[in-house]
Every structure is written in structure tokens, then in C-alpha cells.
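K.L.:
coordinates only, sequence not included:
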């Protein structure tokens, strides 16, 4: 689900969609219906899956680090230095 997320601009709308999808997947895994009124915190505690927004933020930082360390003359480090 996070493929290519390193290049996303993190707006609230872009973060909300994967979160909703992740929670829906977790509900299916636990066989919980929306009618059961189980809180998201309880679902997250049961599945022990990290929040997708945290994962995307971590991937973005890792990707930025890779861009900064490039030494092959590409434009990425030059833009960051500029």
C-alpha cells in the first residue's frame, strides 16, 4: 500500500485515504463489523500494525536521506543545497 509513497506530498486528504483503507483491512482481518462499534484504538491494539501515516513519514525521511547522499551529479542534492 505504501509503494511510491516517498514522493507523495503529505496532505491530510492523502493521509486519510490510506488510513481508512488500512482500518477497513484490519476490520476484515479481525472479522469486526462497523456495527460492532469497536474503537480504532482497540483494533490497532489487537492487530499490532503500525499506522500507515507513520510508515509513510518514515519512508519519506529514508528516501530524503538517500537523495542527500547521492554523489553521481544528479539534480536532487543540488536542489537541496540550493
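P.N.:
That came through fine. Quick caveat: nothing in here was measured; it's all calculated off a predicted structure. Numbers count the residues shown, from 1 in each chain.
K.L.:
distance from whichever strand or helix holds residue 64 to the middle of the chain?
P.N.:
Using DSSP states H and E, residue 64 sits within helix 52-69. Computed by Cα atoms, centre = their mean, to the nearest Å, the chain-centroid distance of helix 52-69 equals 10 Å.
K.L.:
counting contacts, what elements does it pack onto?
P.N.:
helix 12-30, helix 75-81 (3 or more Cβ pairs under 8 Å, 6 or more residues apart in numbering; DSSP states H and E). To be clear about C-beta, it is placed using only N, CA and C from the backbone, and glycine gets the same treatment.
K.L.:
got a list of what the residue sitting nearest the centre point of the chain touches?
P.N.:
Nearest residue to the geometric centre of the chain (Cα atoms, centre = their mean): residue 56, 2.8 Å. For residue 56, the contact set (Cβ atoms under 8 Å, 6 or more residues apart in numbering) comprises 2, 5, 8, 10, 15, 18.
K.L.:
that older thread, just say which of the helices and strands packed on helix 52-69 is most tucked in.
P.N.:
helix 12-30 (a mean of 13; mean count of other Cβ atoms under 10 Å).
K.L.:
list the buried ones in the helix or strand just after that helix?
P.N.:
Sequence order places helix 40-47 as the next helix or strand after helix 12-30, per DSSP H and E. Using 16 or more other Cβ atoms under 10 Å as the test for burial, helix 40-47 gives residue 43.
K.L.:
kindly report the same for stretch 56-71.
P.N.:
56, 59-60.
K.L.:
nearest to residue 39, of those residues?
P.N.:
Using Cβ to Cβ, residue 56 comes nearest to residue 39 of the buried residues of stretch 56-71, at 22.7 Å.
K.L.:
how close does the closest one sit to residue 28?
P.N.:
21 Å (Cβ to Cβ, to the nearest Å).
K.L.:
poorly predicted segments of this structure, please.
P.N.:
Residues of the chain that meet the criterion pLDDT under 70 lie in 76-82.
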